[in-house]
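Chemist: compute the structure for the input listed below.
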Amino acid sequence: MARADVTLTPAQRRTALAMRPWLPRERRVVWRGAAGRFIVACEPAAMALLFALFTIGLDRLASAKDHEGYIYLAWLFGFGAASFTLYAVGLLVTPIRTLLQTRQPIFIVDGYVRTRGPDARSLAGSSGYIAALLDDGRVAFEWAAVGDEELPEQMYPAFMEFSEFGGIHSVDGRSTGVLPEDFPPLGIGGAQPPRRRR
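Modeler: Residues are numbered from 1 along each chain as shown. Modelled structure (predicted):
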C-alpha cells in the first residue's frame with residue numbers, strides 16, 4: 001500500500017467514495033437528541049424575553065421626569081436580555097449544525113482506520129487523531145480525538161461508514177457509538193453513570 005498522506009477534499013470525497021443518505025431511523029436519533037437541547041434552550045430564551053420586556057418598560061418609565069434614574073436599571077436588564085439571548089443561541093448552535101449535517105452523505109470506505117497521537121497543532125486535551133484511509137493510503141477524513149490517554153500509532157483494515165461532522169459511525173458493521181442506536185425522547189435518562197466492574 002502506498003502511503004500518500006493526501007487528504008481528500010470534500011469534492012473529491014463526493015466523487016471518489018461510495019455514499020448513502022441518512023436512514024430515517026438515524027435522522028430520528030439526531031432529532032431526538034436535538035429536541036432535548038431545544039427544550040433546554042427555552043429557559044434562557046424565556047428569561048431573555050422577560051428581561052427585554054423589563055428593559056422596554058423601564059426605558060419608558062425613565063422618560064418621565066421624576067424617574068430618569070430608571071434608565072440605569074433598563075441598561076442592566078438590557079444587558080441581562082442580551083446575555084440570556086447569547087446563551088440560548090449558544091445552546092442551539094451544535095444541535096442545528098448536527099441536524100444540517102444529516103443532509104450530507106454518509107461515506108462508505110473499505111480501507112483502513114488509523115490512529116495517532118497528538119501533534120504540534122493539537123488543542124489542549126486532545127488525545128490524537130482518528131482517520132479513515134483508502135486502500136491506497138489517501139486520507140478520506142481525519143478527526144481530532146479527546147480523551148485522557150494518548151492514542152497509539154496503529155493502522156488496521158476496516159470496512160467503515162463515516163460522516164464528516166460526526167466521525168466513524170461503524171467499523172465492520174459494528175456501531176462505534178458516534179451515532180447511538182436509539183436516543184430517549186428529549187434525552188431524559190440518556191446519561192447513565194458508569195457501571196462498576198465486578
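Chemist: and residue 121, helix, strand or coil?
Modeler: coil (DSSP: H, G, I helix; E, B strand; the rest coil).
Chemist: one more: the one 3 residues further on?
Modeler: Secondary structure, three-state DSSP: residue 124 is coil.
Chemist: what does it show for phi and psi?
Modeler: phi -60, psi 140 (degrees, to the nearest 10).
Chemist: so where's the protein uncertain?
Modeler: Within the chain, the stretches with pLDDT under 70 are 1-4, 182-198.
Chemist: can you point me to the longest helix in it?
Modeler: Counting by DSSP state H, the longest helix found in the chain is helix 24-62.
Chemist: what number of residues lie near residue 161?
Modeler: Close neighbours of residue 161, defined as other C-beta atoms under 10 Å, add up to 21. Every residue, glycine included, has its C-beta placed from N, CA and C.
Chemist: which residues touch it?
Modeler: Counting by C-beta atoms under 8 Å, 6 or more residues apart in numbering, residue 161 makes contact with 20, 106-109, 168-170.
Chemist: from residue 110, how far out is it?
Modeler: 11 Å (C-beta to C-beta, to the nearest Å).
Chemist: residue 159 now?
Modeler: When C-beta to C-beta is applied, the distance between residue 159 and residue 110 equals 5 Å.
Chemist: next, give phi and psi for residue 97.
Modeler: Per-residue torsions, residue 97: phi -60, psi -40 (degrees, to the nearest 10).
Chemist: dump stretch 96-104 to PDB, keeping only the CA atoms.
Modeler: Provided in PDB are the C-alpha atoms of stretch 96-104 (Å, rounded to 0.1, in the frame of the first residue of the first chain):
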ATOM      1  CA  ILE A  96     -28.700  22.900  14.500                       C
ATOM      2  CA  ARG A  97     -25.400  22.200  12.900                       C
ATOM      3  CA  THR A  98     -25.900  18.500  13.600                       C
ATOM      4  CA  LEU A  99     -29.300  18.500  12.100                       C
ATOM      5  CA  LEU A 100     -28.000  20.200   8.900                       C
ATOM      6  CA  GLN A 101     -25.300  17.500   8.700                       C
ATOM      7  CA  THR A 102     -27.900  14.800   8.300                       C
ATOM      8  CA  ARG A 103     -28.500  16.300   4.800                       C
ATOM      9  CA  GLN A 104     -24.800  15.500   4.000                       C
END
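Chemist: list the buried residues for that stretch?
Modeler: Neighbour counts over stretch 96-104 (16 or more other C-beta atoms under 10 Å) mark 98, 102, 104 as buried.
Chemist: those into TSV, with extra columns for distance to residue 45 and secondary structure?
Modeler: Listed next are the buried residues of stretch 96-104 as TSV, based on distance: C-beta to C-beta, whole Å; DSSP: H, G, I helix; E, B strand; the rest coil:
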residue	distance to residue 45	secondary structure
98	19	helix
102	24	coil
104	28	coil
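Chemist: cheers, nothing more for now.
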